[in-house]
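Trainee: Build the 3D model from these lines:
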Amino acid sequence: MYAVGARLHALHVPDRDGVLADVVLAPADPRELSGRARYLGATVGRYGNRIGGGVLPLDGEIHHLRTLPTGHSLHGGPEGFDLRKWSAQSAGYAGCEDRTGVRLRLRSQDGDQGFPGTVDATVCYLLDRDGTLTIEYTAVTDRPTVVNLTNHAYFNLAGEGAGTVDGHLLQCDADHYLPVDGSLIPLGPAERVHGTPFDLTSPRRIGEALAQDHRQLRLGGGGFDHNWVLRDAAAGPRRAAVLRDPASGRRMDVHTTEPGLQIYTGNHFDGSFAGKSGSRYPARAGVALETQHFPDSPNRPEYPSAVLRPGEVYHSTTCCASPARRRRTADRSATASGSPPAPRSGPSRRGPAGPGSLLTAWLLALTITERALDAAP
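Mentor: This is a model prediction of the structure:
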């Protein structure tokens, strides 16, 4: 974890033999987090994704947001939440050894990047003993505003720095997606995915889908940079996507309370900076699965509303689970009870002893990174 940007820096997931690999992309040099690697792993806000023209209509008043050179607001503006230093503390549960984590807080003042209202935001990263990572977001405001928080981690289940995700299988529980214009602002109504590269209703190789000749892929920079409209909106988290690397057997199941999933295939990576492993990231070195409200919702009354008012609490939950890690936990439980564990196809390497040891590592990383960034020229 990094306190700057409330950022996910690493996540170790076992393969079919129990061998761990870090599957989260991050730069070798933390100073790149304010440059070419700006959004990697970050909590983005106050409004993740785009607001067209930086125009925010709310309760009969037009607010003009700070924009990027594209002319649109992206991920909260030029100085979004990803560049802020969040305060951090342990989020452990008294008497519960199976779940622990880190809670990070940030206050965004009224007028920050043009948004109305002072917002107090919290993101909590919780890790279960079975390896399920839960990200919980909450926010309150003293004035009507919009809030749309998400995490911008890029995943490569073959391991960070292991090439592209073209061979990964991706499934998304959505029958519709939002086509975009040349600025990646949604055109309006959702369209069916059937018969298009955006049909991920069953597992599909990312490289195969992106090899098709489709105008929307060209607008996305040669890949996905689009929002899928998830099925079955519900109060609790439901499955949004499954990402799998057939070569290693690693798998990640994503569940969320959000109505949309922005899938971005890292089309802009060009080898200009090195990752933690020392390898430079090529295009499609990772895929981001951003659970969120739809882009440009403030200008689209037909989209789910992202408005937050005084007295209300914004709450969003996303869970990333590894079935392989859950199986290892079940094997340990079976061994403890005297039952033989399920057979494995090869040797394994033990990972961290439990969530408590990972919490220690997270807090240490927060301290080290803060010092590195403070010392940067």
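Trainee: Give me the residue at the spatial middle of this structure.
Mentor: Residue closest to the average C-alpha location in the chain (Cα atoms, centre = their mean): N151, at 3.2 Å.
Trainee: So what pairs up with it in the strands?
Mentor: The partner list for N151 in beta bridges (DSSP bridges) reads T43.
Trainee: tell me which helix or strand of the protein sits lowest on mean pLDDT?
Mentor: helix 355-375 (a mean of 45; mean pLDDT, DSSP states H and E).
Trainee: quick check, D82 in a helix?
Mentor: Yes - counting by DSSP: H, G, I helix; E, B strand; the rest coil, D82 is located in a helix.
Trainee: I'd assumed H75 was in contact with it.
Mentor: Yes - using Cβ atoms under 8 Å, D82 makes contact with H75 at a distance of 6.4 Å. (Glycine included, C-beta is placed from N, CA and C.)
Trainee: Now do the shared contacts for these two.
Mentor: Residues touching both D82 and H75 (Cβ atoms under 8 Å, 6 or more residues apart in numbering): Y39, V44, H152.
Trainee: Tell me what S108 is bridged to.
Mentor: Counting by DSSP bridges, S108 forms beta bridges with V119.
Trainee: ugh, typo on my part, it should be G101
Mentor: Taking DSSP bridges as the rule, G101 bridges to L126.
Trainee: how far away is S297 from G311?
Mentor: 21 Å (Cβ to Cβ, to the nearest Å).
Trainee: Run through the chain and note the low-pLDDT ranges.
Mentor: Residues of the chain meeting the criterion pLDDT under 70: 92-97, 233-235, 324-377.
Trainee: where do the helices sit along it?
Mentor: 206-210, 215-219, 323-336, 355-375 (DSSP state H).
Trainee: can you list contacts of the first one?
Mentor: The list of residues contacting helix 206-210 from outside it, by Cβ under 8 Å, 6+ apart, reads 164-170, 197-198, 200, 217, 222-224, 265, 284, 287.
Trainee: mind redoing it with 6 Å?
Mentor: Residues from elsewhere that reach helix 206-210 (Cβ atoms under 6 Å, 6 or more residues apart in numbering): V165, D166, H168, L170, P197, G223.
Trainee: Would you map the strands across the stretch 101-250 of the chain?
Mentor: Ranges of strands in the stretch 101-250 of the chain, per DSSP state E, counting those that start in this stretch, are 119-128, 133-141, 145-146, 150-151, 154-155, 169-172, 174-178, 191-192, 204-205, 225-230, 238-244.
Trainee: A241 contacts H168, doesn't it?
Mentor: No - the pair A241 / H168 is not scored as a contact, 11.3 Å apart, by Cβ atoms under 6 Å.
Trainee: So which of these two has more stuff around it?
Mentor: H168 (27 against 23; other Cβ atoms under 10 Å).
Trainee: ok, T257 to T145 distance?
Mentor: Taking Cβ to Cβ as the measure, T257 falls 20 Å from T145.
Trainee: And the two? Which one has more around it.
Mentor: For T257 versus T145, neighbours defined as other Cβ under 10 Å are more numerous around T145 (26 against 19).
Trainee: Identify all residues paired with the more buried one through a beta bridge.
Mentor: Listed beta-bridge partners, T145: L308 (assigned using DSSP bridges).
Trainee: In this structure it contacts Q113, no?
Mentor: No - T145 lies out of contact with Q113 (Cβ under 6 Å); the separation is 11.1 Å.
Trainee: Pull up the gap between E208 and N49, please.
Mentor: From E208 to N49 the distance is 26 Å (Cβ to Cβ).
Trainee: Same drill for these two, tell me which one is more crowded.
Mentor: Taking other Cβ under 10 Å, E208 and N49 do not tie; N49 has more neighbours (29 against 12).
Trainee: The strands of the stretch 101-250 of the chain: which one's closest to R280?
Mentor: Of all these, it is strand 154-155 that lies closest to R280, at 14.1 Å by Cβ to Cβ.
Trainee: Mind listing residues that contact that closest one?
Mentor: By Cβ under 6 Å, 6+ apart, strand 154-155 touches V23, L25, G266, G286, V287, A288.
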